[in-house]
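Participant: okay, sequence plus prediction incoming.
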Amino acid sequence: MDAVTQPYAAADGLVRVYPAEVPDGTGLVWAHGGGFLFGDIDMPESDWVARQLAARGTTVVSVDYRLAPVPEGFHDGVTGQPGHPYPAGSDDMVTAWRWTLTHAVELGISSSALAIGGTSAGGNLAAGAALRLAGTHEAPALVLLAYPTLLAVQPAPDAELRAALDADPDADRFGPVAVRRMYENYLAGPVDDAPLPAVPGRATASDLSHYPPTFIVNGDVDELRVSAEHFATTLAAAGRDIEIITEYGTQHGHLNRPEEPAATLSIERMARRLAALSPQLSPIPSEGIAS
């Protein structure tokens with residue numbers, strides 16, 4: 001029987017599998033963004049990213065997780081829709097992860113080379129799922145996050161980022177009110193004392209004592225990167241393996257714009273880090289920590 005090379009649905013429709021063109025044994029369970037209530041597995045940061053990484057040797061399992069409700073009036077011109085608040089999306093990530101582990105051999109993935117990741121709100125889901133799995137035999141080999149949102153109540157940006165946001169109003173769309181409202185909708189309630197997997201940035205160093213190695217690609221003029229930087233600092237304080245870079249010249253969501261050179265640059269960074277997991281290849285040195 002010929003190997004499957006085209007994307008296909010699996011796990012009762014929960015995931016779409018993108019088989020690697022020339023498998024190197026690595027795999028990635030991947031979640032799109034969209035503020036927890038928008039987005040799908042056909043958007044570029046899901047489909048395009050999966051195809052690009054599959055072309056570089058990694059089998060990608062894209063998760064069609066359940067979205068939170070869309071309230072009436074949430075955005076101008078957007079009709080309200082029913083949905084599923086936390087923990088539905090988080091549970092779907094863990095289910096997709098366990099499905100992938102169970103089927104790793106037939107997917108050509110080494111269980112020791114399987115990563116979890118996502119973009120924006122999908123990065124939150126991936127980081128939270130990794131927190132749920134940390135310290136167990138099911139823990140990911142790597143957490144791979146692109147411009148994630150990890151805090152419901154963000155610290156204020158520093159003066160440099162604040163000035164960049166003020167100079168680019170189109171990029172300045174993730175202020176404290178908007179972010180808190182997004183999380184309150186996701187949680188269907190207040191953000192105070194929210195479960196750590198729902199707001200992973202709240203974790204302390206002791207909470208992260210067994211957290212997997214983590215690689216984060218942030219947007220540049222993007223207020224959400226404050227939460228990722230906070231999370232990276234906590235991981236470092238916990239003595240965990242953390243690499244974080246900022247893709248300069250980008251706004252939030254640059255992987256959703258494949259025409260931008262930065263999207264391909266980030267793909268190459270991600271592919272390098274995934275290839276370092278490969279049981280078939282020699283380890284590839286990381287690029288070091290950058291801010």
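Facilitator: Arrived safely, thanks for sending.

Participant: ranges for the strands of the stretch 51-200 of the chain?
Facilitator: 58-63, 114-119, 142-146 (DSSP state E, counting those that start in this stretch).

Participant: between these, which gets nearest to Gly253?
Facilitator: strand 114-119 (7.3 Å; Cβ to Cβ). C-beta here means a position set from N, CA and C on the backbone, and glycine is covered the same way.

Participant: other SSEs contacting that closest one?
Facilitator: On a contact count with 3 or more Cβ pairs under 8 Å, 6 or more residues apart in numbering; DSSP states H and E, strand 114-119 meets strand 26-31, helix 88-102, helix 121-133, strand 142-146.

Participant: ok, and what's touching that strand?
Facilitator: For strand 114-119, the surrounding residues in contact (Cβ atoms under 8 Å, 6 or more residues apart in numbering) are 26-33, 45-46, 49, 63, 93, 97, 100-101, 104, 123-126, 129-130, 140-148, 253, 255-256, 270, 274, 277.

Participant: now that strand against helix 121-133, angle please.
Facilitator: Interaxial angle of strand 114-119 relative to helix 121-133 (axes from the mean of the first three to the mean of the last three Cα atoms, to 10 degrees): 140 degrees.

Participant: mean confidence for strand 114-119?
Facilitator: Average pLDDT, strand 114-119: 98.

Participant: repeat for stretch 168-176
Facilitator: Averaging pLDDT residue by residue across stretch 168-176 gives 95.

Participant: pull the residues that contact that stretch.
Facilitator: With contacts defined as Cβ under 8 Å, 6+ apart, stretch 168-176 is touched by 149, 153-154, 164-166, 221-224, 251-252.

Participant: can you pull the alpha-carbon coordinates of it into CSV?
Facilitator: C-alpha atoms of stretch 168-176 as CSV (Å, rounded to 0.1, in the frame of the first residue of the first chain):
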residue,chain,number,x,y,z
ASP,A,168,1.1,51.9,14.3
PRO,A,169,-2.6,52.1,15.3
ASP,A,170,-3.5,49.1,13.1
ALA,A,171,-1.2,46.9,15.3
ASP,A,172,-2.5,48.3,18.6
ARG,A,173,-5.5,46.1,19.1
PHE,A,174,-4.6,43.9,22.1
GLY,A,175,-4.9,46.3,25.0
PRO,A,176,-5.9,45.3,28.5
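
Participant: how about that stretch: buried residues?
Facilitator: Of the residues in stretch 168-176, 171-172, 174 count as buried by neighbour count, 16 or more other Cβ atoms under 10 Å.

Participant: in helices, which of those residues appear?
Facilitator: The helices, defined by DSSP state H, take in nothing from these.

Participant: what does the pLDDT read for the residue nearest to Ser110 when sequence neighbours are not counted?
Facilitator: Among residues not flanking Ser110 along the chain, Gly25 sits closest, at 4.3 Å (Cβ to Cβ, 6 or more residues apart in numbering). For Gly25, the pLDDT comes out at 98.

Participant: I'm done for today, thanks for sticking with me.
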